[in-house]
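Visitor: I'll drop the sequence and a predicted model, then ask my questions.
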Amino acid sequence: MNEKIHVKKTRRWLIGVLLLAVATAFIVVIYQPRALPVEVATVAKGTFEQAIEEDGRLRIKTRYIITAPTQAALLRPTLKVGDVVKAGDILATLEPEAPQMIDARTRSVLQQRAGSADAARRATAAQVQRAQTALAQATLEADRAGKLAQENFIAPAARDQSVLARQAAQQALLAAQAEQGMADYAAAEARAALARAEPVTAGHAGSRWDIKSPVNGQVLKLYQDSAVTVTAGQPLLEMGDTAAMEAVIDVLSGEVTRIRSGAPVRLLLGGGAAAMAGTVTRVEPVAFTKVSALGIEEQRVNVIVALAPATAGTSPADAQTSTAQLGDGYRVDAHITLSSQPNALLLPTAALVRDGPHWRVFVVTDGHARARPVQLQDRNADVAWLKDGLREGEQVVLYPGSMVADGQAVRVPLK
């Protein structure tokens, strides 16, 4: 009997101990700090770049504005914006402008003016005849005086006087002939003013001017898309070669001093198009004011970028597609490289934490985040160039925030 009681007590004691152990383990599991899920990155070697990223636009290097050489009637253009033309192709056709019609009163005035011009022409013709007669008489007298002077019948002074009289008669004839020419021109002008407007004969090639393209290219803009009368120097259309383009990138004036001629540039058109390479050819010495999207006035400077030609490994189809994607005024995103260092030890700047004047990171070691100071050689918006503190292949915590402390248990979620 006593043995049975003892066995029951022992069993109860064992059950109690077991329940106590289970409760203790449950409490320990509940209150034990859990591993914090974090995002990590691996320290690796790569190329470190300092660059400026801005947007810009493409433009044609050389554009041509075709203008009217004189006042004329422009025939309706057959070209459209984007049409491809070759050097020598006809861009526009001009016809002489018909003179204005005149009313009865104006015609009467012009007729009287024409009559007056004809009368003046006849008067000058009579003056020419009189001057010719005077010259003939002066020539005879000069010849007679010359013979008499040789025979000493008259003094040499008399002979000289007759010679001078002949020269004066010659000058008078020239003046009369000039006045006759002026009268002829005035009469012709008066008759031309009387002419009525007559339609130009259709298809008459001699009455038209064909304006031809100076270079191979495309039509960029039509200033006139219908038949109209144009004046001398009035723009008709604009054209250029889209195969010869450059990029214009506006950069803040405070940053443009770091850009050097020949710096490599990568241009992105967007929409999945392949990036284009280029080089800085010129930094304009003049700044301009531009209002940003936030309404802040900024001083900016244009940086001119030359597009690199297609490389030897580029297929003709890819080169043709790349050229076809370009257009005047297209927006581009530019990545201008200021400096480049290959084989540099890099880590993302998202892993850096300020520690006074220095930097530190959290390195993942055996499931725990360990704070470690680091020294930087340089950094940009994306990555930092490490000088000391980490080795290649180590993992660091990204965006640690205030939840991660030295020794904190961490885990990397499975992706």
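Guide: That came in fine, so what should we check first?
Visitor: Quick one: mean pLDDT for the host helix or strand of residue 334?
Guide: Taking DSSP states H and E as the criterion, residue 334 maps to strand 331-348. Throughout strand 331-348, pLDDT has a mean value of 92.
Visitor: Please apply the same query to stretch 405-414.
Guide: Stretch 405-414 shows a mean pLDDT of 82.
Visitor: Buried residues, it. List them.
Guide: Residues 408, 410 are the ones in stretch 405-414 that count as buried (16 or more other CB atoms under 10 Å). Any C-beta I mention is one placed from the backbone N, CA and C, and that applies to glycine too.
Visitor: Can you pull out the residues in contact with that stretch?
Guide: 33-40, 362, 364, 367-371, 397, 404 (CB atoms under 8 Å, 6 or more residues apart in numbering).
Visitor: Those in strands, which ones?
Guide: Judged by DSSP state E, strands contain the following of the contacts of stretch 405-414: 36-37, 39-40, 362, 364, 368-371, 397.
Visitor: Any of the residues you listed buried? List them.
Guide: Neighbour counting over those (16+ other CB under 10 Å) leaves 40, 362, 364, 369, 371, 397 as the buried ones.
Visitor: Mind listing the residues bridging to the second one?
Guide: Under DSSP bridges, the beta-bridge partners of residue 362 are residue 371.
Visitor: Give the buried residues for stretch 345-358.
Guide: 345-348, 351-353.
Visitor: Same check on stretch 157-173?
Guide: Using 16+ other CB under 10 Å as the test for burial, stretch 157-173 gives 159, 162, 165-166, 169, 172-173.
Visitor: From those, pick the one nearest residue 83.
Guide: residue 173 (62.8 Å; CB to CB).
Visitor: wait, doesn't the closest one sit right on residue 133?
Guide: No - with contact defined as CB atoms under 8 Å, residue 173 does not reach residue 133; the gap is 9.6 Å.
Visitor: residues shared between the contacts of those two?
Guide: Between them, residue 173 and residue 133 share no contacting residue, judged by CB under 8 Å, 6+ apart.
Visitor: who touches residue 346 in this structure?
Guide: Taking CB under 8 Å, 6+ apart, one finds 43-46, 48, 383-386 in contact with residue 346.
Visitor: Check these against residue 263 and report the nearest one.
Guide: Closest approach to residue 263 among these (CB to CB): residue 48, at 15.8 Å.
Visitor: now residue 87: how far from residue 133?
Guide: As judged by CB to CB, to the nearest Å, residue 87 and residue 133 stand 63 Å apart.
Visitor: do residue 357 as well
Guide: On the measure of CB to CB, residue 357 and residue 133 end up 114 Å apart.
Visitor: Report how many residues lie close to residue 254.
Guide: 11 (other CB atoms under 10 Å).
Visitor: And the one 4 residues further on, by the same measure?
Guide: A total of 13 residues lie near residue 258 under the criterion other CB under 10 Å.
Visitor: you'd agree it is up against residue 52?
Guide: Yes - using CB under 8 Å, residue 258 makes contact with residue 52 at a distance of 7.4 Å.
Visitor: and for these two, which residues touch both?
Guide: By CB under 8 Å, 6+ apart, residue 258 and residue 52 have these common neighbours: residue 338.
Visitor: that older thread, just the closest of the buried residues of stretch 157-173 to residue 332, please.
Guide: Using CB to CB, these come closest to residue 332 at residue 173, 76.6 Å.
Visitor: any idea which helix or strand carries that closest one?
Guide: Counting by DSSP H and E, residue 173 is part of helix 156-193.
Visitor: what do you get for residue 47?
Guide: strand 44-60.
Visitor: Could you tell me which residues within that strand count as buried?
Guide: Neighbour counts over strand 44-60 (16+ other CB under 10 Å) mark 48-52, 54, 56, 58-60 as buried.
Visitor: Can I get that strand in PDB? Just the C-alpha atoms.
Guide: C-alpha atoms of strand 44-60 as PDB (Å, rounded to 0.1, in the frame of the first residue of the first chain):
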ATOM      1  CA  ALA A  44      32.400  43.900 -54.600                       C
ATOM      2  CA  LYS A  45      34.900  45.500 -56.900                       C
ATOM      3  CA  GLY A  46      33.800  47.600 -59.900                       C
ATOM      4  CA  THR A  47      34.300  50.900 -61.700                       C
ATOM      5  CA  PHE A  48      33.600  54.000 -59.600                       C
ATOM      6  CA  GLU A  49      32.400  57.000 -61.500                       C
ATOM      7  CA  GLN A  50      31.700  60.600 -60.600                       C
ATOM      8  CA  ALA A  51      29.000  61.800 -63.000                       C
ATOM      9  CA  ILE A  52      26.400  64.500 -63.600                       C
ATOM     10  CA  GLU A  53      23.000  63.400 -64.800                       C
ATOM     11  CA  GLU A  54      20.800  66.000 -66.500                       C
ATOM     12  CA  ASP A  55      18.300  66.000 -69.300                       C
ATOM     13  CA  GLY A  56      18.700  67.700 -72.600                       C
ATOM     14  CA  ARG A  57      17.600  67.600 -76.200                       C
ATOM     15  CA  LEU A  58      18.900  66.600 -79.600                       C
ATOM     16  CA  ARG A  59      19.300  69.100 -82.400                       C
ATOM     17  CA  ILE A  60      20.600  69.000 -86.000                       C
END
